[in-house]
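Engineer: sequence below, structure please.
(chains A and B)
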Protein chains: 2
Amino acid sequence: MKIPAVKGTRDFYPPQMAVRNFIVEGWKAASRRSGFEEYDGPIFEYLSMYQMKSGEEIVEQLFSLTDRGGRQLAIRPEMTPTLARMVNQQIHTLPRPIKWFSVPRLCRAERPQKGRLREFFQWNLDIVGAEDVLADAEVIFCAVDYLRSTGLTAQDIVVRLSSRRLLAALLKEAGASEEQLAAIYGVLDKKAKVPAEAFEAMLQGAVPSDQTRGRILQIMNSQSLDELEPKTSEGKDAMEELRRLFSLLNLMGIGDYAQFDIGVVRGLAYYTGVVYEIYDRGALLRAICGGGRYDNLLKDFGGPAVSATGMGMGDCVLEILLREKGLLKDENLPTRRLDYYVVFAAEQWASEVVRLAAQIRLAGWACDFSYKGGNLGKQLKQADQSGAERAVILGEEFNAGKLIVKEMKSGRQEEVSTDEFLASLKRV
Amino acid sequence: MKIPAVKGTRDFYPPQMAVRNFIVEGWKAASRRSGFEEYDGPIFEYLSMYQMKSGEEIVEQLFSLTDRGGRQLAIRPEMTPTLARMVNQQIHTLPRPIKWFSVPRLCRAERPQKGRLREFFQWNLDIVGAEDVLADAEVIFCAVDYLRSTGLTAQDIVVRLSSRRLLAALLKEAGASEEQLAAIYGVLDKKAKVPAEAFEAMLQGAVPSDQTRGRILQIMNSQSLDELEPKTSEGKDAMEELRRLFSLLNLMGIGDYAQFDIGVVRGLAYYTGVVYEIYDRGALLRAICGGGRYDNLLKDFGGPAVSATGMGMGDCVLEILLREKGLLKDENLPTRRLDYYVVFAAEQWASEVVRLAAQIRLAGWACDFSYKGGNLGKQLKQADQSGAERAVILGEEFNAGKLIVKEMKSGRQEEVSTDEFLASLKRV
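Structural biologist: Model (predicted):
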C-alpha cells in the first residue's frame, strides 16, 4: 500500500535539503553577525495562546489537536506568541535588551499556492526591552544584511516602511475613533490584495462616515512622508520617529533598500509602531518578510509592559526569488562534501579499504568508499561522482607500506607512505 | 492571562539551544564524515502510515489530528516510515546504496519522565540498497564515531548487538512457529523492562508449549555467541553474518565498543536482521540509540523489495549522559560569539558606533554595541560580558581618522587608522 505525502508539505530529498540548509545557514549567520542569540520552543502550544492575539486569518488556519488529557493544542503557525510566553517566564532575570533569533518550522492550513505551503520555515528576529527605534533599525538591518549576502541588491528588493502609530494618529485626526482602529487596519491591509470595489465596501463597513472615509482615502494615497502633516503631538512624535528610522538605515548603509509606504499596515493584530514588509522590486511575489513593533504583546500574555520589535521571513517566497535571480548556485548546494574516497586496485585490499576509511573518519575527515568494489576504473569513477577531493588508492605499493593519493580535480597523484599519510590527517 | 508550555515539551532558551546545537551539529558532522547525505520530511504524515508498521507502543502514543479536509494525520513519532515513503517514491532514480541522515523533531504522547519527553530530536542514519552486513557496520561505526567525538570511550558505553534473523532461526529450532515470532519478539523485548514474573506470564501467553518455552529461556540465557549452535542453514548463515559484523567493527577500530547480547530484540515491528542498542556501561539510563536491519519495510509501503538498515539516537538520554560524564563544557556552548564590540568614549560618537558596527557586520564579522551607551567603562564592561574578542573604541582619535582596537582577553590595545581597520575586515 502506497501512502502519499500530505498536500501542501514538502519532502526534502538531499538536493532540496541542500537548498534549505543554504537558506537556513545564511539566516543563522546573519543573525549571529548582528549579535542575536538563538532560541526555540515546542512545535505545539495551547490552542488558546493563538486565539488570544494572532490575526483572524492565522486562527482560521490552525492545525489543532486534542491530546489524551483532553488538552486543546495547536501546531505553531507563528513564533511570536511562543517568544512572548518564554520571555515573560524569565523577564526578571534576562538581561535586556533581549536580542533573539529562531528558525521555527511552522504550519498553517492554507490553500497551497505559489509561495504558500502548509508547512514552512520562518526566520524570526526579535528585540525585547529596547523602546528606541534603533532596535527596529537593527532588525531591518539584519534582514537586509542577509538578503544582501545572497546577492540581492537594492535594485532587486525594497523594504516598504510605515508606522501604525503615525497611521493611528492620522486616522484619529481624520475622525476615526480608537475603537474603530483595529477594524480599519484589517481593511487597509487588504487594499492591494482585493479589487478596488471590494476594498471600498469593506472600508464603508468599518467607517460609516463619508467625510472620515474620504479623509482616510486621501491619507492612503500619500506617496511620501512629506505629504503627511500630522497635527497632534502623538502624530508629530510618530512622524519624527519614522524619520529617525530612515536616517538610521542610511547611517547603516542600507538606506537605498528602504522606502516609505503608507499602504503597509500588516495583518497581525499586535503591531503598535513601525511596520514594514520586504518585496521584490517588481512586486510580482508576495512579501518576503514582514515585521514591526509590538508594544503590548508581553503584557497581553500576562507579563509586564515591555516593548518589543521583530520580523519574520519565510523560506518559500525567498527560495522562488533567489531561484529567479539565479542566486541558488550548484556550488553552494552540494548534498555532501567528501575529503577522501578510498579505493582498491585488487580485491585483496578490500578489507584494508574499510580499515583506512574508518581511520580517516575517526581523524575527523569526510570519507567514503564503494560497497560494490569492482575494478579500479569503476571505483575511481565512483570517487569522481561522489565529489571527493582526493582518492586514496590501495594497490601493490600497500604491501610496501605505501599508498597513492590522487587529487581528483587536477588528476595529479603521488605515492605516500601509509604512516605519513595517517600522521598528516592528525596535523590539522 | 499567562499560558504555560505544554507538559513534556521544552523551551530552548539560548543556553539550552546552545546544548541542542552542540548535539545536533555533532550528529551532522559525524554523518558527513561517513558520507551520509541529509534529508527531511514533513512534521506530519497520514495517520495510516504509522498504523501500518510501527510498533504498538508508538501507535498508542501518536499525536493525531484531523485537517479541514477531514484527513486523518499524525505528528511524526519516528522517521523510518517517512524515509520508506520517500525512498519508494524515487527508488528507480536514486543511485544505490542510498546513505541518508536526518535530525527530525519527533512527538510521542508518552508519560514524561527522565530521558523521555513528548517532543525530542532524533538522529537517524539509514542505508538502503546494500544487503551486506558491511552497511550495518557502517551505521554502527558512524554512531560510535559520533559518541567517541564527544569524549565517550568504550569504558563509558557499549553497543549491544544481536540478530533477529539468528534469533528467529533459533526460536524455530526450539519449536516456535513463524506466526508466533512477532509476538515472541514483543515479549522478549520486555525481558529487562518488566518483573521476572510478569515476563514469564507474557511468554506463556505467546508460547503455550512448556518444552518450547524452556528452550527459549535457555537461548535467552546465553552469554556469548559460542554458546549458541544453530542447526539449520538459515541459523548458520545468520550466525556467520553476525560474526562478520563483529570482525568488521574490529577492522574499523571500534571493536571494544561492541558486545553480543541475545537480549536485544528491539520493540519495533519491522526489524529482520542485525539489531542493536547502545547503552551507558552501567546501564543506569535507557538506551542511547537503537537500530537494525529492516528488509521488508519498503515493500510493505508499496515499493520494491529493497533491503535497508538504520538507527535512531534521541537527544534526551544522550544529554543526560554527556552531562553526567562532564562532557558538556561551557566553552563549547556559547549563546553567541562576537568578533567585535564597538563603544564610544563620548556621546558625540554614538552615531558613528552604529555606522561602524553596520560596516563590520556587512563585511562578514559578528559585531554588537550598546543601545544604552553610558560612560566608556560601562560600555567596556558590556563588551566584556558579551564575550566579544575585541572592542573597538571611538574617541578623540576618531576625528583624526583613527580608532582603538582592544583585545579583550589580553587587554592589549592599539591605535589603528580607521581606513586600515575597515580594509583589514575585507582581507579575510
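Engineer: the strands in the stretch 101-250 of chain A, which residues?
Structural biologist: A:105-107, A:119-128, A:157-163 (DSSP state E, counting those that start in this stretch).
Engineer: now swap in the stretch 301-428 of chain A and tell me
Structural biologist: Here the stretch 301-428 of chain A has its strands, by DSSP E, counting those that start in this stretch, at A:308-314, A:340-344, A:367-369, A:390-394, A:402-407, A:413-417.
Engineer: turn those into CSV, including distance to A:D261 and mean neighbour count.
Structural biologist: No exception for glycine: its C-beta is placed from N, CA and C like everyone else's. Below are the strands of the stretch 301-428 of chain A laid out as CSV (distance: least, Cβ to Cβ, whole Å; neighbours: other Cβ atoms under 10 Å in any protein chain shown):
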stretch, distance to A:D261, mean neighbour count
strand A:308-314, 16, 24
strand A:340-344, 54, 27
strand A:367-369, 52, 26
strand A:390-394, 54, 24
strand A:402-407, 54, 18
strand A:413-417, 61, 13
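Engineer: any chance of those strands in JSON lines, with mean pLDDT too?
Structural biologist: Below are the strands of the stretch 301-428 of chain A laid out as JSON lines (pLDDT from 0 to 100):
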{"stretch": "strand A:308-314", "mean pLDDT": "97"}
{"stretch": "strand A:340-344", "mean pLDDT": "98"}
{"stretch": "strand A:367-369", "mean pLDDT": "98"}
{"stretch": "strand A:390-394", "mean pLDDT": "98"}
{"stretch": "strand A:402-407", "mean pLDDT": "97"}
{"stretch": "strand A:413-417", "mean pLDDT": "96"}
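Engineer: so which of these comes closest to A:F260?
Structural biologist: A:F260 lies closest, by Cβ to Cβ, to one member of these: strand A:308-314, at 17.5 Å.
Engineer: then the closest one to PDB, C-alphas only?
Structural biologist: Below are the C-alpha coordinates for strand A:308-314, written out as PDB (Å, rounded to 0.1, in the frame of the first residue of the first chain):
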ATOM      1  CA  ALA A 308       9.400  44.600  21.600                       C
ATOM      2  CA  THR A 309      10.100  44.700  17.800                       C
ATOM      3  CA  GLY A 310      10.600  41.800  15.400                       C
ATOM      4  CA  MET A 311      10.300  40.300  11.900                       C
ATOM      5  CA  GLY A 312       9.600  37.000  10.200                       C
ATOM      6  CA  MET A 313      10.900  35.800   6.800                       C
ATOM      7  CA  GLY A 314       9.600  32.600   5.300                       C
END
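Engineer: partner strands of it and their direction?
Structural biologist: Sheet pairing for strand A:308-314, assigned by DSSP bridges, gives strand A:119-128 (antiparallel), strand A:289-294 (antiparallel).
Engineer: dump those to a markdown table, plus distance to A:Q180.
Structural biologist: Formatted as a markdown table, those follow (distance: least, Cβ to Cβ, whole Å):
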| stretch | distance to A:Q180 |
| --- | --- |
| strand A:119-128 | 29 |
| strand A:289-294 | 20 |
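Engineer: out of these, which one sits most buried?
Structural biologist: Greatest average neighbour count among the strands paired with strand A:308-314 goes to strand A:289-294 (a mean of 26), per mean count of other Cβ atoms under 10 Å in any protein chain shown.
Engineer: rounded mean pLDDT for that one, please.
Structural biologist: Averaging pLDDT along strand A:289-294 gives 96.
Engineer: beyond that strand, next helix or strand please.
Structural biologist: Using DSSP states H and E, the next helix or strand after strand A:289-294 towards the C-terminus is helix A:297-300.
Engineer: so what does that following helix touch, helix or strand wise?
Structural biologist: helix A:47-53, helix A:80-89 (3 or more Cβ pairs under 8 Å, 6 or more residues apart in numbering or on different chains; DSSP states H and E).
Engineer: among those, which gets the worst mean confidence?
Structural biologist: Going by mean pLDDT, the lowest-scoring of the helices and strands packed on helix A:297-300 is helix A:47-53, which has a mean of 86.
Engineer: picking that back up, okay if I get the helices and strands packed on helix A:297-300 as JSON lines plus mean neighbour count and distance to chain B?
Structural biologist: Below are the helices and strands packed on helix A:297-300 laid out as JSON lines (neighbours: other Cβ atoms under 10 Å in any protein chain shown; distance: least, Cβ to the nearest Cβ, whole Å):
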{"stretch": "helix A:47-53", "mean neighbour count": "18", "distance to chain B": "5"}
{"stretch": "helix A:80-89", "mean neighbour count": "23", "distance to chain B": "5"}
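Engineer: to A:V133, which of these lies closest?
Structural biologist: helix A:80-89 (19.3 Å).
Engineer: and that closest one with strand A:289-294, angle?
Structural biologist: Interaxial angle, helix A:80-89 versus strand A:289-294 (axes from the mean of the first three to the mean of the last three Cα atoms, to 10 degrees): 40 degrees.
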